[in-house]
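Visitor: Could you work out the structure for the sequence below:
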Amino acid sequence: MSFDALGASWAPRLLSIVRIMSGLLFLQHGTAKLLAFPAGAVAPNFTLMSMPGYAGIIEFVCGILLVIGLFSRLAAFVASGMTAVAYFMIHAPMGFFPILNRGELAALYCFVFLYIAAAGPGPWSIDAARRK
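Guide: Okay, here's the model as predicted:
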């Protein structure tokens with residue numbers, strides 16, 4: 001089997017894996033803010049009714065939806081927008097280069113979620129099961 005054939009056969013499954021893993025990683029930002037888990041991941045002066053609090057709600061809800069693959073395109077689109085806002089409001093004012101302004105994670109999340117919003121959830125999702 002050629003590498004191209006192997007890639008073509010695994011691409012949909014890998015899309016599901018990227019969605020699940022990015023959703024889990026995004027979800028941990030929400031659990032840190034909303035559930036204080038893992039402990040110490042969020043500043044002690046965190047409040048829910050603030051921009052980071054609203055971000056935590058989006059991270060938590062969209063993270064769960066992305067992991068299970070339910071309303072995946074919408075969840076990914078909202079998450080992409082939220083991470084773009086985070087980048088431009090928090091990181092970009094600290095300098096142009098993401099490696100220096102510590103915004104590379106927000107930028108990467110933005111484009112990964114934008115891709116998922118366009119490409120869909122992949123075959124291992126509730127959305128795919130509902131379509132059948």
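
Visitor: list the helices and strands the helix or strand containing residue 79 packs on?
Guide: Using DSSP states H and E, residue 79 falls within helix 72-86. Counting contacts by 3 or more Cβ pairs under 8 Å, 6 or more residues apart in numbering; DSSP states H and E, helix 72-86 is packed against helix 3-35, helix 51-68, helix 104-119. From N, CA and C alone the C-beta is placed, and that goes for glycine too.

Visitor: which stretch among these comes nearest residue 84?
Guide: Checking the helices and strands packed on helix 72-86 against residue 84 by Cβ to Cβ gives helix 104-119 as the closest, at 4.7 Å.

Visitor: Next, the angle helix 3-35 makes with the closest one.
Guide: 120 degrees (axes from the mean of the first three to the mean of the last three Cα atoms, to 10 degrees).

Visitor: next SSE after helix 104-119?
Guide: helix 126-131.

Visitor: if you average pLDDT over that following helix, what comes out?
Guide: For helix 126-131, mean pLDDT is 96.

Visitor: and for it, what are the contacting residues?
Guide: Under the criterion Cβ atoms under 8 Å, 6 or more residues apart in numbering, residues 68, 69, 70, 71, 72, 73, 120, 121, 122 lie in contact with helix 126-131.

Visitor: returning to that earlier point: export the helices and strands packed on helix 72-86 as JSON lines, with columns for distance to residue 45, mean neighbour count and mean pLDDT.
Guide: Formatted as JSON lines, the helices and strands packed on helix 72-86 follow (distance: least, Cβ to Cβ, whole Å; neighbours: other Cβ atoms under 10 Å; pLDDT from 0 to 100):
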{"stretch": "helix 3-35", "distance to residue 45": "12", "mean neighbour count": "16", "mean pLDDT": "94"}
{"stretch": "helix 51-68", "distance to residue 45": "10", "mean neighbour count": "19", "mean pLDDT": "97"}
{"stretch": "helix 104-119", "distance to residue 45": "21", "mean neighbour count": "18", "mean pLDDT": "98"}
